[in-house]
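>>> sharing a sequence plus its predicted fold:
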Amino acid sequence: MLTARREIQIEWGDCDPAGIVFYPRYFAWFDACTGGLFAHAGLPKHEMLKAYGIVGIPMVDTRATFIVPSKFGDVVSVMTRITAFRRSSFDVEHKLLKGDVLAIEAFETRVWVGRHPDDPDGIKAQPIPEEVIARFKLG
């Protein structure tokens with residue numbers, strides 16, 4: 001499966017009073033890394049939304065295991081890949097590394113959604129196109 005890598009420099013504003021990264025920052029980075037993975041597959045989000053007529057790929061489940069803390073000044077790497085596709089949902093794995101050390105392992109489940117046909121303000125899961133899935137099996 002295709003994997004994308006992103007380097008992140010930990011800034012002062014990312015940290016809590018104890019000087020370690022405030023945990024919601026990780027989830028914001030992981031969201032950006034998921035977008036980066038789609039861009040790496042040739043599907044930048046703004047183009048993907050238009051090309052497939054979808055509203056987005058909202059997260060419906062997430063969890064993380066925090067193993068080693070990160071602090072101001074650290075440079076970390078996030079390795080992101082999709083581990084499973086289903087009809088309208090998919091699973092994403094993020095591994096945040098400090099050097100060669102696994103610091104966080106995180107998981108998301110996201111859904112491919114468009115507008116609900118009976119409610120223009122609502123959303124509804126749609127099948128993920130096969131050509132989208134194929135882009136992630138190349139790596």
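Nice, thanks for sending it over.
>>> please tell me how far the most centrally placed residue in the chain sits from residue 94.
Nearest to the geometric centre of the chain sits residue 34, at 2.5 Å (Cα atoms, centre = their mean). To residue 94, residue 34 is 8 Å away according to Cβ to Cβ, to the nearest Å. All C-beta atoms are positioned from the backbone trio N, CA, C, and that covers glycine.
>>> which residues do the two both contact?
80, 108 (Cβ atoms under 8 Å, 6 or more residues apart in numbering).
>>> quick one: average confidence on the top helix by length along the chain?
Ranked by residue count, the top helix of the chain under DSSP state H comes out as helix 23-40. The pLDDT scores in helix 23-40 average 97.
>>> after it, which helix or strand is next?
Downstream of helix 23-40, the first helix or strand assigned by DSSP states H and E is helix 45-52.
>>> which positions within that next one qualify as buried?
For helix 45-52, a neighbour-count test (16 or more other Cβ atoms under 10 Å) marks residue 48 as buried.
>>> neighbouring contacts of it?
The contact list for helix 45-52, computed with Cβ under 8 Å, 6+ apart, reads 35, 38, 39, 43, 54, 55, 56, 129, 132.
>>> where in the protein is pLDDT low?
Scanning the chain for pLDDT under 70 picks out the ranges 138-139.
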